[in-house]
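Engineer: no sequence on this one, just coordinates:
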DNA sequence: TAGTTTTTGTGATTTTTTTCACTACAAATA
DNA sequence: TATTTGTAGTGAAAAAAATCACAAAAACTA
């Protein structure tokens, strides 16, 4: 099974598009429709599905409900995904309260920082996961992660502090890290690190905008 | 000149790494060091540079200061980039106050929303760009963009509202959009739309973590 | 039922991106 | 000055990803 990051991201987009189509009352889709909805080609949609053994009906397309279900299983959305976040600066605070994750069965169950003015809990034993997101001292991270079997962590600390947080996460058993610090982090084979670089995204956009306004003579 | 998005993103990473190396007292780098700093290969670094006509010294590597300067020009960092943002939810608010952009010569000069309780300015004529980020009614966007010659916009509105914002941006003269709404937006050839999908990034990570824990037998 | 249409599924092909491997040359050394 | 060493620069090769193109099957049509 030949998968790559881009392919999985497309699956995720297909899933989102399917929910929208469903809410519009559609029952079936064709590869063509999905391609259109996610800016891909029809054959790419079909190839992505074939990689995962998802099949439709010739001339009948795909049944939306079935497709959503299959994609959700592939994407691990059949169970709630517990995530922690480290670094309650502006971005971290926003993400820890961001409601967009909920509909995706993703829940930020705890936040960690080193600034004691941000803590709202000091006794880790008292924490219940369905209450308001606890904000804890970073030193509690390993215990929390082990007790609650957390696999995914988000890093929103300044770049100088990021590697240290990675090291703590790795030794606590975190298996996947989403890193917002614009620096390369060193992990190990047991843990996947994905990066989101907001400054980089903007720089990229600026580059291409400049490049095209220059070419087209403004 | 054969450029692609990934290549530009790497340039951006090289630049960040160079600043760090510089602050550590380094004066020169080798392609090897940069490769290491950004998780690339040495030949890729050299090829990226060769695409942009950046040359170093055989056996001497690259002079960091010169390299930073060249990269900054390529990336449009020789002048302040003015950016607007639409949608002051949690994420939008965080981004509009995020300090990480400043060091990159990127400034969010205005924010727009439709919720009047968020406005802090009602007279667009009174706004000075070096004061606190003004929060304005969305209807002022076209005027503001034209008057201040803004080229880049960020979208952090809910997905149902996003296309409408794109349309307003396009007709106002915005040339590049960074979109955080998890939906495909339709632009035109005159405007580049880049997407950041946070839910998607997490889903992606979850997929690969699940895939690897299954393979390795937990 | 035979023919026509439509859409899937996938091997083959093309394109894009990355890596390899080697040359050239500057600096260091003898 | 001759020799060695280390690194840039780059065309060629390989790998990865996307696209094409067509057979096969299902669903309509008459």
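Structural biologist: Received the coordinates, thanks. The shown structure was predicted, so the numbers you read here are calculated from the model rather than taken from an experiment.
Engineer: What residue spans form the domains of chain A?
Structural biologist: A:5-74, A:81-200 (automatic domain parsing).
Engineer: can the longest one be found next to DNA strand C?
Structural biologist: No. Figure legend: domain A:81-200 not in contact with DNA strand C (CB under 7 Å from any atom of the strand); closest approach 14.1 Å. C-beta coordinates here come from the backbone N, C-alpha and C atoms, glycine included.
Engineer: do stretch A:11-31 as well
Structural biologist: Yes. Contact of stretch A:11-31 with DNA strand C (CB under 7 Å from any atom of the strand) involves A:29-31.
Engineer: returning to what we had before: got the domains of chain A as CSV, with mean neighbour count and mean pLDDT columns?
Structural biologist: Converted to CSV, these look like this (neighbours: other CB atoms under 10 Å in any protein chain shown; pLDDT from 0 to 100):
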stretch, mean neighbour count, mean pLDDT
domain A:5-74, 16, 97
domain A:81-200, 18, 94
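Engineer: want to try a markdown table for those, with distance to residue B:45 as columns?
Structural biologist: Shown next, in a markdown table, are those (distance: least, CB to CB, whole Å):
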| stretch | distance to residue B:45 |
| --- | --- |
| domain A:5-74 | 21 |
| domain A:81-200 | 13 |
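Engineer: residues in chain A within reach of DNA strand D, list them.
Structural biologist: A:2, A:4-7, A:40-41, A:43-44, A:46-47, A:57-60.
Engineer: Relative to DNA strand D, how far out is the residue most central in space within chain A?
Structural biologist: Nearest residue to the geometric centre of chain A (CA atoms, centre = their mean): residue A:178, 7.3 Å. Distance of residue A:178 to DNA strand D, given as CB to the nearest atom of the strand, to the nearest Å: 19 Å.
Engineer: Now for residue A:49: which residues touch it?
Structural biologist: By CB atoms under 8 Å, 6 or more residues apart in numbering or on different chains, the residues touching residue A:49 are A:31, A:55-56, A:62.
Engineer: which element is residue A:96 on?
Structural biologist: helix A:90-97 (DSSP states H and E).
Engineer: got a list of contacts for that helix?
Structural biologist: A:85-86, A:88, A:108, A:111, A:113, A:133, A:154, A:156-157, A:180, A:198, B:90-91, B:93-95, B:97-100, B:198.
Engineer: Let me see the ranges of the strands in chain A.
Structural biologist: A:28-29, A:62-63, A:81-86, A:106-113, A:135-137, A:152-155, A:176-179, A:192-195 (DSSP state E).
Engineer: So in that sheet, which strands flank the fifth one, and in what orientation?
Structural biologist: Strand A:135-137 has these partner strands in its sheet, going by DSSP bridges: strand A:106-113 (parallel).
Engineer: outside of the strand it pairs with, which residues touch it?
Structural biologist: With CB under 8 Å, 6+ apart as the test, strand A:106-113 has contacts from A:80-88, A:92, A:95-96, A:98, A:101, A:119, A:127, A:129, A:133-138, A:140-141, A:144, A:148, A:150, A:154, B:199, B:202-203, B:206.
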